[in-house]
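Undergrad: Take this sequence and fold it.
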Amino acid sequence: MVTQLAGRRVLLVEDDYFLAEEMCCILDAAGAEIVGPAGRVEEAISLINEADRLDAAMLDVNLHDVTVTPVADLLRERGVPFCFTTGYDQAAVPERHADVCRLEKPVETAAAVREILRMLDPK
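TA: Prediction:
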């Protein structure tokens, strides 16, 4: 079993139940400790504020027709690397976060793990 993310706390923000379950399985199989999943902006912000540590995050761009931008802003402010997961094109990503990786849904297992590892060690 792949455990490249063992000991890493990853915040998952996804409003689609089935996609959240799939991402939880992917992250769990890689050994990550999953924080969430959160399906709403307010819930994600609460999880961030309550967490003693977050190593990385995966954010759905659109949560029930609300942009995830406040969550992305808070993570950036706290120095937590994150990537977006979306079915939308790059135009859905706010300009100030244009440098952030965007993974197309459905996210492939290898791509998700590879991107989190890259965020954790950006050399």
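
Undergrad: and the gap between Pro37 and Leu47?
TA: Between Pro37 and Leu47 the distance is 9 Å, computed by CB to CB, to the nearest Å. Glycine gets a C-beta too; all of them are placed from N, C-alpha and C.

Undergrad: Which of these two has more residues huddled nearby?
TA: Regarding Pro37 and Leu47, a neighbour count based on other CB atoms under 10 Å identifies Pro37 as having more, with 23 against 19.

Undergrad: Next secondary structure element downstream of the helix or strand where the more buried one lies?
TA: Secondary structure assignment for Pro37, by DSSP states H and E: strand 33-38. Following strand 33-38 in sequence order, the next helix or strand is helix 41-50 (DSSP H and E).

Undergrad: Now do that next one: distance to the chain's middle.
TA: 13 Å (CA atoms, centre = their mean, to the nearest Å).

Undergrad: what does stretch 44-59 give?
TA: Its chain's C-alpha centre lies 9 Å from the corresponding centre of stretch 44-59 when counted by CA atoms, centre = their mean.

Undergrad: any idea of the angle the strand holding Pro37 forms with helix 41-50?
TA: With axes from the mean of the first three to the mean of the last three CA atoms, to 10 degrees defining the directions, strand 33-38 sits at 150 degrees from helix 41-50.

Undergrad: May I see the buried residues of strand 33-38?
TA: Applying a neighbour-count criterion of 16 or more other CB atoms under 10 Å, one finds Ile34, Val35, Gly36, Pro37, Ala38 buried in strand 33-38.

Undergrad: Check whether Arg118 sits in a helix, strand or coil.
TA: Per DSSP: H, G, I helix; E, B strand; the rest coil, the local secondary structure of Arg118 is helix.

Undergrad: ok so, going back, in CSV: the buried residues of strand 33-38, plus distance to Arg9.
TA: Supplementary listing: the buried residues of strand 33-38 in CSV, determined by distance: CB to CB, whole Å:
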residue, distance to Arg9
Ile34, 8
Val35, 6
Gly36, 10
Pro37, 13
Ala38, 14
